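In: Have a look at this prediction, sequence included:
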Amino acid sequence: MLWMKHHGIINVANSVLNSIDLDQTIAHLMVTARNDGYAQGYVECTQHVTSALKVDWDTRRSATCGVDTGADHAVAKAEYNNLRLPVMDLVTTALQSEDFVNQLKEIYPDEADASDEEDLE
């Protein structure tokens, strides 16, 4: 359990935080959120201009004209909420084992070897 305390938890956290899949999903979520915010802001701004100047504002030049940015953002949120990281499947399987520490050491062998050497000192 000492290995779990000093290495296991850290390795699991680092595996999640350093996951390329997580990085890509969050980046996509951020881009869609920015695009949706831009589109909503543009719509609100054109409403103010139309109201203040009593003219119809041509929104066809907007980069988001005809694009359903809300739907794109909803898809990105669903992808994030349903994200499955392969390493977490391995960790979940290991934690269901009676000898979960050794199972985790197999997933993170470099740290397991280092901790064994520390125990010998």
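Out: Everything's here; your move.
In: Backbone torsions only: list them for residue 84.
Out: phi -120, psi 120 (degrees, to the nearest 10).
In: Secondary structure element holding residue 63?
Out: Residue 63 is located outside every helix and strand, with elements delineated by DSSP states H and E.
In: Pull the contacting residues for it.
Out: Shown in contact with residue 63 (C-beta atoms under 8 Å, 6 or more residues apart in numbering): residue 38. Bear in mind the C-beta positions are built from the backbone N, C-alpha and C, glycine included.
In: Could you number the chain from 28 rather than 1 from now on?
Out: Sure, I'll start counting at 28 from here, so that last one is residue 90.
In: Next, it: phi, psi?
Out: Dihedral pair for residue 90: phi -60, psi -20, per degrees, to the nearest 10.
In: Please apply the same query to residue 94.
Out: According to degrees, to the nearest 10, residue 94 has phi -100, psi 130.
In: What of the one 5 residues further on?
Out: Dihedral angles of residue 99 (phi, psi; degrees, to the nearest 10) stand at phi -60, psi -40.
In: repeat for residue 132
Out: Here residue 132 shows phi and psi, under degrees, to the nearest 10, equal to phi -60, psi -30.
In: do residue 75 as well
Out: Dihedral angles (degrees, to the nearest 10) for residue 75: phi -70, psi -40.
In: Then residue 83?
Out: phi -90, psi 120.
In: Quick one: residues contacting it.
Out: By C-beta under 8 Å, 6+ apart, the neighbours of residue 83 are residue 77.
In: Might one say that residue 76 is in contact with residue 85?
Out: No - with contacts counted by C-beta atoms under 8 Å, residue 76 stays clear of residue 85, the gap being 10.5 Å.
In: Among the two, which residue is more densely surrounded?
Out: Each of residue 76 and residue 85 has its neighbours counted (other C-beta atoms under 10 Å); residue 76 has more, 13 against 9.
In: any idea which element that one lies in?
Out: Going by DSSP H and E, residue 76 is in helix 47-80.
In: what's the average pLDDT for that helix?
Out: Averaging pLDDT along helix 47-80 gives 92.
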